[in-house]
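Engineer: here is the input, now give the coordinates:
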Amino acid sequence: MPVDVSALGSIQSSLEEVLERLGDQTRGLDDDDEIGSELREVQRQLATASRRLEKAQRQARA
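Structural biologist: Here you go, the predicted model:
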């Protein structure tokens, strides 16, 4: 089954929006704040997922 590149693009856009919104939330939190620490970890993991999704998109287009 071929990969739907346009669907991947839509998912990528949604993920970027989530990352932006999460960044907005974490900016106001202290570095020592437990919730802030957890949210930043989620942000790091989503950023990694975003990079991997971009890589998959490039491969699907090739």
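Engineer: averaged pLDDT, stretch 42-50. What do you get?
Structural biologist: Average pLDDT, stretch 42-50: 97.
Engineer: S10 versus the residue of the chain most remote from its centre, what's the distance?
Structural biologist: Relative to the centre of the chain, the most outlying C-alpha is that of M1, 25.3 Å out, by Cα atoms, centre = their mean. M1 is 18 Å from S10, where distance means Cβ to Cβ, to the nearest Å. All C-beta atoms are positioned from the backbone trio N, CA, C, and that covers glycine.
Engineer: which residue ranges of this protein form helices?
Structural biologist: Shown for the chain, the helices assigned by DSSP state H span residues 5-27, 34-61.
Engineer: avg pLDDT for the first one?
Structural biologist: Going back to what we said before, that points to helix 5-27. Averaging pLDDT along helix 5-27 yields 95.
Engineer: can you give me the buried ones in it?
Structural biologist: Buried residues in helix 5-27, counted by 16 or more other Cβ atoms under 10 Å: L8, I11, Q12, L15, L19, L22, T26.
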